[in-house]
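S.K.: I would like to see how this sequence folds:
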Amino acid sequence: MRSLAALITIGTLTGLMAGCGGSSPGPATSAAAMSIAVTSSAFADGGDIPARHTCDGADVSPPLTVAGLPSGVRELALLVEDPDAPHGTFVHWVAWGIDPAGAGLAEGEKPPGAGTNGFGHSGYGGPCPPRGPAHRYVFTVYALSRPAGARAGASAADLRTAIDGAVLAEGTLTGRYARP
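M.R.: This is a model prediction of the structure:
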């Protein structure tokens, strides 16, 4: 009986020590944990997206400004997603090839690399939620150490795969929109 108790104690201590972990970096401590600032002159973070930038208006992309880029950035990539869509996250924009020297995008600017959004089109497709509570629209900008290399028409998943291992930093801007 004493040997069984000793084995249980040793097993418990071994498990606790293993659970303390080592010093290997995980996703939270990787270089991608660096943060950049993403802003828009059209709306504040957490604020309402003007109808001009939605399906109820001109459906033109809002201006975006990026600041705090680390050295070594060769290209920026962008995803705009609605995590509140009724059937799961809806993709509104997949873009890459954005020149970091430009520090963002002007209103309606079309980046060289364009993927397919959830509407089945290439380029920006503004917020167009069903009537009801406001949805959140997350604009995520990725600072890349190399060109994305995504193919024309790439999906959000394709872009994420293409930029894996190249993200030096990222930042988000979240806007809200509800149909009138």
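S.K.: Would you tell me what the next helix or strand after the helix or strand bottoming out on mean pLDDT in the chain is?
M.R.: Within the chain, judged by mean pLDDT, DSSP states H and E, the helix or strand with the poorest mean is helix 2-19; its value is a mean of 37. Next along the chain after helix 2-19, taking DSSP states H and E as the criterion, comes strand 37-39.
S.K.: State the phi and psi torsions of the residue nearest the centre of the chain.
M.R.: With distances taken as C-alpha atoms, centre = their mean, the residue of the chain nearest its centroid is residue 140 (3.3 Å). The phi/psi pair for residue 140 (degrees, to the nearest 10) reads phi -110, psi 120.
S.K.: contacting residues around it?
M.R.: 38, 78-81, 170-172 (C-beta atoms under 8 Å, 6 or more residues apart in numbering). To be clear about C-beta, it is placed using only N, CA and C from the backbone, and glycine gets the same treatment.
S.K.: can you check residue 95 too?
M.R.: 77-79, 111, 113-115, 123-124.
S.K.: okay, those residues in TSV with pLDDT, neighbour count and distance to residue 66 next?
M.R.: Formatted as TSV, these follow (pLDDT from 0 to 100; neighbours: other C-beta atoms under 10 Å; distance: C-beta to C-beta, whole Å):
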residue	pLDDT	neighbour count	distance to residue 66
77	96	27	11
78	96	25	9
79	97	24	14
111	94	22	12
113	92	22	16
114	93	20	18
115	95	27	19
123	93	16	19
124	96	24	17
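S.K.: For these, could you give me JSON lines that also reports secondary structure and distance to residue 134?
M.R.: JSON lines is the format used below for the contacts of residue 95 (DSSP: H, G, I helix; E, B strand; the rest coil; distance: C-beta to C-beta, whole Å):
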{"residue": "77", "secondary structure": "strand", "distance to residue 134": "26"}
{"residue": "78", "secondary structure": "strand", "distance to residue 134": "22"}
{"residue": "79", "secondary structure": "strand", "distance to residue 134": "20"}
{"residue": "111", "secondary structure": "coil", "distance to residue 134": "27"}
{"residue": "113", "secondary structure": "strand", "distance to residue 134": "30"}
{"residue": "114", "secondary structure": "strand", "distance to residue 134": "27"}
{"residue": "115", "secondary structure": "coil", "distance to residue 134": "26"}
{"residue": "123", "secondary structure": "coil", "distance to residue 134": "24"}
{"residue": "124", "secondary structure": "coil", "distance to residue 134": "19"}
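S.K.: just those now: which is nearest residue 156?
M.R.: Distance to residue 156, by C-beta to C-beta, is smallest for residue 79 among the contacts of residue 95, at 5.5 Å.
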